[in-house]
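1. what's the 3D shape of this:
(4 chains)
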There are 2 protein chains.
Amino acid sequence: MSDGASPRAARELPVFEPGSAGRSLPQVKQPPVKQPPVKERADAARNRARVLAAAERIFATRDDPREVTMDEIARAAGVGRATLYRRFPDPASIAVALLDQHEFELQEQILRGPPPLGPGASPGDRLAAFYAAMAELLERHLPLALGAETGKARFATGAYGFWRAHVRVLLAEAGAPDPEAAVDAALAPLSPEVYEYTRHTLGHSKDRITASLTWLARRLTGD
Amino acid sequence: MSDGASPRAARELPVFEPGSAGRSLPQVKQPPVKQPPVKERADAARNRARVLAAAERIFATRDDPREVTMDEIARAAGVGRATLYRRFPDPASIAVALLDQHEFELQEQILRGPPPLGPGASPGDRLAAFYAAMAELLERHLPLALGAETGKARFATGAYGFWRAHVRVLLAEAGAPDPEAAVDAALAPLSPEVYEYTRHTLGHSKDRITASLTWLARRLTGD
DNA sequence: CCAGAAGTGGTCACTGTGTCCACTTACATC
DNA sequence: GATGTAAGTGGACACAGTGACCACTTCTGG
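-> Presented below is the predicted three-dimensional model:
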């Protein structure tokens, strides 16, 4: 997180920066005027790393990631429950924090990577590439994605706003009459629940799902 | 449930019959060979009606229908908790039972009603009509739909299999290369969570959402 | 009418939650 | 280095919901 290069000044899309997830430090009821201290104590950072590592392990192991409990994570991390609650209000927010780390790389590729994921290709190609990349992400981190959907703040997967803005632009370029309304329909098939259902309940292969999403991308953008 | 007319013998689509939801009577661990008795005792039926009525009221009232609890429903229905557990394993299953009642009518219209919802219209028109009808259903029964998504059995909304079969046929008629895989992507925008997000978090009108779904239907079926 | 099956509701042990508070530890300052 | 202080920590507590159990009641077929 200390790359001095590439200042992120002029950006069109709302980039979600990973690491800012579990750091809204004290969970005070009303954030007072006083800014929370910018610097994190060393032991706190160490514990946060422990928590995230333990949580990643647990989410990956569990049968149903939606059943992971705060108590369980705290015990696995060797940390008191209050310590956990200090940063994360519920297990879902931990999954979100972990997921953001993985999603950030994809955001970079979309913003500055080579086509068709990055700028330069046609809307149809870019949308298809985006779908494929998201399917890949879901394939690898499905437990986290499922766990992130549990809490009260749905569609708050941190990066959702980014995907939304990206796809909305693509739909607009493709001539959709109301991209702002269409974009959520276009993103719905990427919901972790849908992926889990087709992938594991129905048993479709990742390639088959990706092919279907590619077809969808072509249809949505009019080829 | 005693309409002697129109025997439902030869059907292509898996119709979900409402009323069969809370009636898999005893929640035994392993259903023994002995068939559960076909007839329901009069007092049991009365209580079931009470439970459903109370639950409908509660689901509609609550801020977040996902937080409705068995205890709450039992108290509101004036019924012991064990009585409730006898028929329904969790609040979600009660929401499913209620929702099925409303979905059944739509199923009938699709099977035997006039076009464009019923048979006779083009795939594009039928899909658009289906989307519009589902949006209407969600608009009216969103709390139930959200509550039904809570439990462990997702995509088990009873009727989901029906919608799935219907839309799969439409996509096949429209020439989709892999309707079996595409159908879940086509149904994803109808997820209650997506509807809630666009409708209430973003504040889009029902008409705007419907218009967008109509656009989607045209795109999916190639007009 | 009545035997027995189906249905009922109060109770119990248990799990996870969220908050609180007394103690500990890191770090800025001297 | 010593030290004051605020951030950080973990155990404890009260509470809510669960799911199962069981003694009791009520319905219904013969």
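2. Could you report the neighbour count for the residue of chain A found nearest DNA strand D?
-> Residue nearest to DNA strand D within chain A: A:G80 (2.5 Å; CB to the nearest atom of the strand). (C-beta placed from N, C-alpha, C; glycine too.) Per other CB atoms under 10 Å in any protein chain shown, the neighbour tally for A:G80 reads 12.
3. The one 4 residues further on too?
-> Other residues near A:L84 number 25, with proximity taken as other CB under 10 Å.
4. For it, give its distance to DNA strand C.
-> 8 Å (CB to the nearest atom of the strand, to the nearest Å).
5. Could you do A:A145 as well?
-> For A:A145, the distance to DNA strand C equals 19 Å [CB to the nearest atom of the strand].
6. Go ahead and list the helix or strand containing that residue.
-> Counting by DSSP states H and E, the secondary-structure element that holds A:A145 is helix A:123-148.
7. Give the rounded mean pLDDT of that helix.
-> Confidence over helix A:123-148 (mean pLDDT, whole number) is 95.
8. Could you give me the buried positions within the helix or strand following it?
-> Secondary structure here is assigned by DSSP H and E; on that basis, the next helix or strand after helix A:123-148 toward the C-terminus is helix A:160-173. Burial within helix A:160-173, assessed by neighbour count using 16 or more other CB atoms under 10 Å in any protein chain shown, is assigned to A:Y160, A:F162, A:W163, A:R164, A:H166, A:V167, A:R168, A:V169, A:L170, A:L171, A:A172.
9. which SS state does A:L117 fall under?
-> Using DSSP: H, G, I helix; E, B strand; the rest coil as the criterion, the local structure at A:L117 reads coil.
10. Find the residue closest to it in space, skipping its chain neighbours.
-> A:A129 (4.5 Å; CB to CB, 6 or more residues apart in numbering or on different chains).
11. Neighbours of that neighbour, how many?
-> A:A129 sits with 20 neighbouring residues when counted by other CB under 10 Å.
12. Just the element for A:G120, please.
-> For A:G120, there is no enclosing helix or strand under DSSP H and E.
13. residues contacting it?
-> Contact criterion CB atoms under 8 Å, 6 or more residues apart in numbering or on different chains gives A:P114 as the residues in contact with A:G120.
14. before we move on, the earlier item: now that the residue nearest to A:L117 has come up, it's in contact with A:P119, right?
-> No - in this structure, A:A129 sits apart from A:P119 without contact. The criterion is CB atoms under 8 Å, and the distance is 11.4 Å.
15. just the CA coordinates of stretch A:138-151, formatted as PDB?
-> C-alpha atoms of stretch A:138-151 as PDB (Å, rounded to 0.1, in the frame of the first residue of the first chain):
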ATOM      1  CA  LEU A 138     -16.500 -15.800  -7.800                       C
ATOM      2  CA  GLU A 139     -15.100 -19.100  -8.600                       C
ATOM      3  CA  ARG A 140     -12.100 -18.400  -6.400                       C
ATOM      4  CA  HIS A 141     -13.700 -16.500  -3.600                       C
ATOM      5  CA  LEU A 142     -17.200 -17.700  -3.500                       C
ATOM      6  CA  PRO A 143     -17.300 -18.300   0.200                       C
ATOM      7  CA  LEU A 144     -16.200 -14.800   0.900                       C
ATOM      8  CA  ALA A 145     -18.700 -13.400  -1.600                       C
ATOM      9  CA  LEU A 146     -21.500 -15.400   0.000                       C
ATOM     10  CA  GLY A 147     -20.400 -14.400   3.500                       C
ATOM     11  CA  ALA A 148     -20.300 -10.700   2.500                       C
ATOM     12  CA  GLU A 149     -24.000 -10.800   1.500                       C
ATOM     13  CA  THR A 150     -25.100 -11.800   5.000                       C
ATOM     14  CA  GLY A 151     -25.100  -8.500   7.000                       C
END
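16. who touches that stretch?
-> Under the criterion CB under 8 Å, 6+ apart, residues A:56, A:59-60, A:62, A:64-66, A:68, A:89-96, A:98-99, A:102, A:137, A:157, A:190-193, A:195-196, A:199, A:206 lie in contact with stretch A:138-151.
17. mind listing what's buried in that stretch?
-> A:L138, A:H141, A:L142, A:P143, A:L144, A:A145, A:L146, A:G147, A:A148, A:E149, A:T150, A:G151.
18. Please report how far the fourth one lies from A:P123.
-> According to CB to CB, to the nearest Å, A:P143 stands 32 Å off from A:P123.
19. burial measure for A:L213, as a count.
-> Under the neighbour criterion other CB under 10 Å, A:L213 is assigned a count of 23.
20. before we move on, what about A:R62?
-> Taking other CB under 10 Å as the neighbour definition, A:R62 ends up with a count of 16.
21. can you tell me which residues contact the closest residue to it other than its chain neighbours?
-> Distance criterion CB to CB, 6+ apart; nearest residue to A:R62, sequence neighbours excluded, is A:V68 at 5.7 Å. For A:V68, the contacting residues are A:A55, A:I58, A:F59, A:R62, A:P91, A:A95, A:G147, by CB under 8 Å, 6+ apart.
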